[in-house]
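Novice: Generate a structure from the sequence data that follows.
(2 chains)
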Amino acid sequence: MPHPILIVEDDRAIAELIAMTLQVSDLKPVMCHDGLEAHALLSENTYDLVILDVMLPGLDGFSLVEQLAGKGHPLPPILYLTAKVDVPDRVRGLRLGAEDYMLKPFHPVELQARVDGILRRHHHKPQQYQVLDVVLDLASHAVTQDGQWVDLTPQEFSLLEMLMRHRNMALSREQLLEAAWGFDYLGGTRTVDMHIQRLRKKLGWENVIKTIFKLGYRLEVPPCG
Amino acid sequence: MRLNTRVTLIALVLCLVFSTSLAAILLVSGFRHELKSELDRGLNASGMLSGTLSAAMEAFASLDDEERVARAVRVAVHYMPGAGLVAVADGQGALIHDNFPLEMAGLLSVMPGVPGQYHIQRFEGGVYQLIRRQFMVLEQRFTLFSAWELSQVYEGAKAQARAAALVIGGIGLLLWALLSLALRAAFQPLRRLEQAAMLIAGGDYAARAPCAPRRDEVGQLSQAFNHMAGATQEHVERLTRQDTAQKQFIADMAHELKTPITSMVGYADLMRRSKLDEARQQQALSAIVSQGERLERMGAKLMQLSRLSRADDPIMAWHKAKALFTSALEALDIPAQEKGIAFEVTGGDTPVYGDSDLMITLIQNLLSNAIKASYPGGSIALGACPGEISIRDEGAGIAPEHLPHLTEAFYMADKSRARSEQGNGLGLALASRIAILHGASIAFESAPGKGTTVRVSFTSPIHP
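Specialist: Model prediction:
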């Protein structure tokens, strides 16, 4: 049973934005808006991940982590969220066991990717994605549908991995191109369309991978539970 | 060349030219006088010599010419020790006898050609007066050539000239030393001034020339320089402070803009990319609108601030305090009714001198702070008395460490509460600018839990 994710951010609009983004990925967020409250919550409950703003009323993010670590309290992985760009601050954060850093302003897709990465690294999730009857296994680099092996090219595999990671979130053709072919690929975004077509055909997912007008593609999954 | 070297050189040259010419005039006239008396003595002596010769030759008349001339010369020279070199010739100038040593014989060939004449001749390192005379011995005519040593006169003159040169040289050296010392002392403040100027040019605006307590031009220059340096330092410091404040303002503004923009872009992007249910869509849209409004308010306040910075002339007039309070309450951008706050006005008939729009903005900003600080159901007192407007709330109060920073742009004592109450940290900065424009000052009296009183004190006329 996965634990919730704690969001510590004093700006309510941003806290709710983060919560909403996590809900899109079927995660359970809990919000709090100041450092002392966060201290109490972290001391009593278990979380899979803390998304922590550094500048907080009551107790700042770094001090909060220092205090909890000082008491030998086991801490969940921490994703710092900050507007500060200073290198010393980042170093301090990483020394204090920050799992990752995210600078404001951030985009929901970026947040989703980082959260997914951290949760995966910490084995809260298996090394595979499952959407409907399709399972993509990261370790063996294999895709099965209903237990049957599906033969995919490396690009199709990368596209599918990206779409599954960001399920319910539309990705632009540029984002998909970069994920599957890398930055320096010179082909146009039409390549993405061709590969998506083939992927849809191979998986019979004509209605699951939706084309989003003027943007790109979205893997749509009905919310589970 | 440095100025003191130049002055020293000019003074030295003038002094040397003057003393040298004086010495030359004295030496030359002295030498002339000496030479003249020596020549006269030679002439006298040669006259006496010719007399003596004539007498002696008369006495030796029995002898032949050559013999008696030789004897007469010996006698004459014996009796006149000063007469050294003597030669006697006959009436036609043919030499009969001479006592010139061999090495001096050359003088005989340069003797004057006319009797009674003399001239001065340099010969073999010496100087001689050569005289030609005629004398008679028993109707027979003879010529006397005599040479008189003048070397001592010339040597004396030379020795005097050497002594004078030494003295003048000594005086010159002494003068040079004294002038150098005096000028160095006189120019020392200038050198210090130069060093101070270099330091200032290098960015050390606190550098000063040591101020000599002298009342001369150099002392005055040092004082003027220090005065200038002081003014420059003050000016630079003011500019630096302004620049720092400006940079801080821009950095703060960038930070304050970043937060609403992050949420606006974030919500919009999330809506675009994912299928949110209706409730969440509404939530996202509300967030976008409220963050947009936050930016709008900030923009409006910034516009007001920048308009004030350009310091257009306010339209000054007398207004009743009550009218200003009422307009400010109407213009409030935050709801006071929701909190159920009661307003009490005292001294409403007091006249206030100022620009009505600006005064309303000032009071409105102070009021909106008071409302934010107040607890629901609290009361706010608006007071006016001649020369002062005050606004008192019974709210949360302000911790002492925040008091000095309240009028700084974007300063928020409690950021998250200020944001949730739609604050942007610009209201008091704006109020303070308006007060400054009216020649007024804003003072805060507050303690946590004790409420806050803000007083705007005017220094302008307090009665119409």
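Novice: Spit out the contact partners of B:Lys450.
Specialist: Each residue near B:Lys450 by C-beta atoms under 8 Å, 6 or more residues apart in numbering or on different chains is listed here: B:Gly397. To be clear about C-beta, it is placed using only N, CA and C from the backbone, and glycine gets the same treatment.
Novice: Now name the helix or strand holding it.
Specialist: If you go by DSSP states H and E, B:Lys450 is not part of any helix or strand.
Novice: Model confidence score at it, please.
Specialist: In this prediction, B:Lys450 carries a pLDDT score of 84.
Novice: what do you get for B:Gly30?
Specialist: pLDDT, B:Gly30: 92.
Novice: Next: A:Lys28.
Specialist: Looking at A:Lys28, the pLDDT reads 91.
Novice: Name the SS class of the closest residue to B:Ser374 other than its chain neighbours, please.
Specialist: Counting by C-beta to C-beta, 6 or more residues apart in numbering or on different chains, B:Ser374 lies nearest to B:Gly395, which is 4.2 Å off, once chain neighbours are set aside. Following DSSP: H, G, I helix; E, B strand; the rest coil, we place B:Gly395 in the coil state.
Novice: How about the contacts made by the spatially closest residue to B:Ala409 that is not a sequence neighbour?
Specialist: Once flanking residues are discounted, B:Ala409 sits nearest to B:Ala429: 4.1 Å by C-beta to C-beta, 6+ apart. Residues near B:Ala429 by C-beta under 8 Å, 6+ apart: B:305, B:407-411.
Novice: after whatever helix or strand B:Ala429 lives in, next one along is what?
Specialist: In the assignment (DSSP H and E), B:Ala429 maps to helix B:427-437. As assigned by DSSP H and E, the chain's next helix or strand after helix B:427-437 is strand B:440-446.
Novice: between that following strand and helix B:427-437, how big is the angle?
Specialist: Relative orientation of strand B:440-446 versus helix B:427-437 (axes from the mean of the first three to the mean of the last three C-alpha atoms, to 10 degrees): 140 degrees.
Novice: Which neighbouring elements make contact with strand B:440-446?
Specialist: Applying 3 or more C-beta pairs under 8 Å, 6 or more residues apart in numbering or on different chains; DSSP states H and E, we find strand B:440-446 packed against helix B:427-437, strand B:452-458.
Novice: closest to B:Gln117 out of the ones you listed?
Specialist: Closest of the helices and strands packed on strand B:440-446 to B:Gln117 is helix B:427-437, at 109.9 Å (criterion: C-beta to C-beta).
Novice: For the chain, which segments count as helices?
Specialist: Let's take chain A. A:12-24, A:35-44, A:61-70, A:87-95, A:108-121, A:154-165, A:173-181, A:190-203 (DSSP state H).
Novice: not quite, I wanted chain B
Specialist: Along chain B, counting by DSSP H, helices occupy B:3-59, B:65-79, B:151-201, B:217-273, B:278-309, B:321-330, B:356-373, B:415-420, B:427-437.
Novice: Could you check the angle the fifth one makes with helix A:12-24?
Specialist: Right, helix B:278-309. Angle, helix B:278-309 to helix A:12-24, by the same axes, to 10 degrees: 150 degrees.
Novice: residue ranges with poor pLDDT in the stretch 101-250 of chain B?
Specialist: Low-confidence segments of the stretch 101-250 of chain B (pLDDT under 70): B:212-214.
Novice: same question, chain A
Specialist: A:1, A:84-91, A:93-97, A:123-126, A:183, A:223-225.
Novice: quick one, domains of it?
Specialist: A:5-121, A:128-219 (automatic domain parsing).
Novice: Same list (these) but as JSON lines, adding mean neighbour count and distance to B:Ala55.
Specialist: Shown next, in JSON lines, are those (neighbours: other C-beta atoms under 10 Å in any protein chain shown; distance: least, C-beta to C-beta, whole Å):
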{"stretch": "domain A:5-121", "mean neighbour count": "18", "distance to B:Ala55": "129"}
{"stretch": "domain A:128-219", "mean neighbour count": "16", "distance to B:Ala55": "141"}
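Novice: closest to B:Val110 out of the ones you listed?
Specialist: Nearest to B:Val110, of all these, is domain A:5-121, at 108.1 Å by C-beta to C-beta.
Novice: ok, the residue of the stretch 1-150 of chain B found nearest chain A - contacts?
Specialist: As assessed by C-beta to the nearest C-beta, chain A sits closest to B:Arg2 within the stretch 1-150 of chain B, at 53.3 Å. Residues in contact with B:Arg2 (C-beta under 8 Å, 6+ apart) are B:Phe187.
Novice: Would you tell me which residues of chain A are close to chain B?
Specialist: A:10-14, A:16-17, A:20-21, A:23-24, A:33-34, A:55, A:57, A:83, A:104-109, A:168-171, A:212, A:215, A:218, A:220 (C-beta under 8 Å from any C-beta of the partner chain).
Novice: how big is the angle separating the helix holding B:Ala429 from helix B:217-273?
Specialist: With the same axes, to 10 degrees defining the directions, helix B:427-437 sits at 150 degrees from helix B:217-273.
Novice: Could I get the CA-only coordinates of helix B:427-437 as PDB?
Specialist: Extracted in PDB, the C-alpha atoms of helix B:427-437 (Å, rounded to 0.1, in the frame of the first residue of the first chain):
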ATOM      1  CA  GLY B 427       1.500  49.600   0.000                       C
ATOM      2  CA  LEU B 428       3.800  51.100   2.700                       C
ATOM      3  CA  ALA B 429       6.500  51.900   0.200                       C
ATOM      4  CA  LEU B 430       3.900  53.800  -1.700                       C
ATOM      5  CA  ALA B 431       2.500  55.500   1.400                       C
ATOM      6  CA  SER B 432       6.000  56.500   2.400                       C
ATOM      7  CA  ARG B 433       6.800  58.100  -1.000                       C
ATOM      8  CA  ILE B 434       3.600  60.100  -0.800                       C
ATOM      9  CA  ALA B 435       4.500  61.300   2.700                       C
ATOM     10  CA  ILE B 436       7.900  62.300   1.500                       C
ATOM     11  CA  LEU B 437       6.300  64.200  -1.400                       C
END
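Novice: buried residues in that helix?
Specialist: Using 16 or more other C-beta atoms under 10 Å in any protein chain shown as the test for burial, helix B:427-437 gives B:427-435, B:437.
Novice: and the gap between the residue of chain B positioned farthest from its centre and B:Ala70?
Specialist: Distance from the C-alpha centroid of chain B peaks at B:Ser62, with 100.9 Å (C-alpha atoms, centre = their mean). Distance, B:Ser62 to B:Ala70, using C-beta to C-beta, to the nearest Å: 14 Å.
Novice: Give the closest residue to the spatially most central residue of chain B in space, chain neighbours not counted.
Specialist: Geometric centre of chain B, nearest residue: B:Leu193, 4.5 Å, by C-alpha atoms, centre = their mean. Counting by C-beta to C-beta, 6+ apart, B:Ala209 is the residue found nearest to B:Leu193 once chain neighbours are left out, at 4.5 Å.
Novice: Just to check, that neighbour is in contact with B:Arg192?
Specialist: Yes: assessed by C-beta atoms under 8 Å, B:Ala209 is found in contact with B:Arg192 at 5.1 Å.
Novice: Looking at those two, which is more packed in?
Specialist: Shown here are B:Ala209 and B:Arg192; by other C-beta atoms under 10 Å in any protein chain shown, B:Ala209 has more neighbours (24 against 18).
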